[in-house]
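> the following block contains a protein sequence and its predicted model.
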Amino acid sequence: MKFLVDRTLGRLAKGLRMLGYDTLYYRGSDPYQLFRLAREEERVILTRSSKLTPKRPEDQVVRIQEDRPWAQLKELIEKGLVSLHEEELLSRCLLCNSLLEEASREEVEGSVPEFIYYQYEIFFRCPQCQKVYWPGSHQERMNQRIKELFAKG
Ligand SMILES: [Zn+2]
């Protein structure tokens with residue numbers, strides 16, 4: 001499932017990308033453009049607005065009630081729209097949605113702090129915006145929170 005979030009849900013886009021979901025963020029305010037984009041790539045539109053209603057039978061709009069990103073993810077899990085795919089966790093750039101590529105230590109020299117550079121051998125880099133990601137405590141905390149998110153009960 002691919003998503004398109006509108007400007008009422010910018011922070012949710014990052015959360016969905018973190019889980020590996022292909023998620024575009026539409027910052028504009030033109031609903032026709034929003035729907036066109038969604039149709040072109042068969043994306044489900046997520047919004048908090050009650051005014052955004054489907055224009056055609058193929059349009060899929062899901063209204064989110066919660067206002068905090070983690071609660072919104074939980075809401076999507078409960079609605080059955082999002083599930084856990086471990087191999088896809090943290091596979092996308094949180095900023096621009098591109099799939100990350102593995103990069104060697106040499107390739108990221110100069111773009112990460114020195115102590116990080118010496119600590120890891122494998123990095124991940126966004127081919128689009130060049131942001132570099134590495135394993136570490138931040139990722140472990142994130143994985144922990146993701147596990148909690150999907151825990152039953
Ligand atoms: Zn990026």
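Ah, there it is. A quick note: this is a predicted structure, and the numbers were derived from the prediction, not measured.
> mind listing what's buried along whichever helix in the chain runs longest?
For the chain, the helix with the greatest residue count under DSSP state H is helix 137-150. Buried positions in helix 137-150, judged by neighbour count with 16 or more other CB atoms under 10 Å: I146, L149. (Each C-beta comes from the backbone N, C-alpha and C, glycine too.)
> show me what it is packed against.
helix 69-78 (3 or more CB pairs under 8 Å, 6 or more residues apart in numbering; DSSP states H and E).
> got the CA coordinates for the helix it packs on in PDB?
The C-alpha trace of helix 69-78 is given here as PDB (Å, rounded to 0.1, in the frame of the first residue of the first chain):
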ATOM      1  CA  PRO A  69       2.100  10.900  14.900                       C
ATOM      2  CA  TRP A  70       2.600   7.800  17.000                       C
ATOM      3  CA  ALA A  71      -1.100   7.700  17.800                       C
ATOM      4  CA  GLN A  72      -1.800   8.200  14.200                       C
ATOM      5  CA  LEU A  73       0.300   5.200  13.200                       C
ATOM      6  CA  LYS A  74      -1.500   3.200  15.800                       C
ATOM      7  CA  GLU A  75      -4.800   4.300  14.300                       C
ATOM      8  CA  LEU A  76      -3.600   3.100  10.900                       C
ATOM      9  CA  ILE A  77      -2.600  -0.300  12.400                       C
ATOM     10  CA  GLU A  78      -6.000  -0.700  14.000                       C
END
